[in-house]
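**Student:** Just a sequence and a predicted model for now, questions to come.
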Amino acid sequence: MDWKAYLLKQLRTMLIIVVITALLFGLFGFFVAGKAALKNSLILGAVLGLVAAVMYIGIFVSAHFWSGYSNRYGEWWIKKETEGDHKEERSDQRKPK
């Protein structure tokens, strides 16, 4: 998948999260307090939706960062297990007195 298409898909998903959250809060505010609370609850829903969307992005950023870390750690561990640790080799040698 092209990265531009992937980015557009993620942006669309975030927009859907924001819209659904704002509508749910708006309906709740409208049914509880009428038209006066509709505007405030829509704004609150939009803000909470943005927070949820930012967390959604954070999951992908975190997964990208930690996958790179785990790849490097796995490479180091396999090299250590197959070739041995260089520190252990040095400790086996006798030191001159």
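**Tutor:** Great, that's in hand.
**Student:** Name the helix or strand of this structure that has the lowest mean pLDDT.
**Tutor:** Counting by mean pLDDT, DSSP states H and E, the weakest-scoring helix or strand in the chain turns out to be helix 86-92, with a mean of 58.
**Student:** Now do residue 54: how many residues are near it, please.
**Tutor:** For residue 54, the neighbour count with other C-beta atoms under 10 Å is 10. All C-beta spots, glycine's among them, are computed from the backbone N, C-alpha and C.
**Student:** I meant to write residue 50 there.
**Tutor:** Neighbour tally, residue 50, other C-beta under 10 Å: 15.
**Student:** Thought residue 18 was touching it, still the case?
**Tutor:** Yes. The pair residue 50 / residue 18 is scored as a contact, 5.9 Å apart, by C-beta atoms under 8 Å.
**Student:** Regarding the protein, what is its longest helix?
**Tutor:** Looking across the chain with DSSP state H, the single longest helix is helix 35-83.
**Student:** what about that one, average pLDDT?
**Tutor:** The average pLDDT within helix 35-83 is 82.
**Student:** That helix packs against which elements?
**Tutor:** On a contact count with 3 or more C-beta pairs under 8 Å, 6 or more residues apart in numbering; DSSP states H and E, helix 35-83 meets helix 3-33.
**Student:** name the helices or strands packed onto the helix it packs on?
**Tutor:** Contact partners of helix 3-33 among helices and strands, from 3+ C-beta pairs under 8 Å, 6+ apart: helix 35-83.
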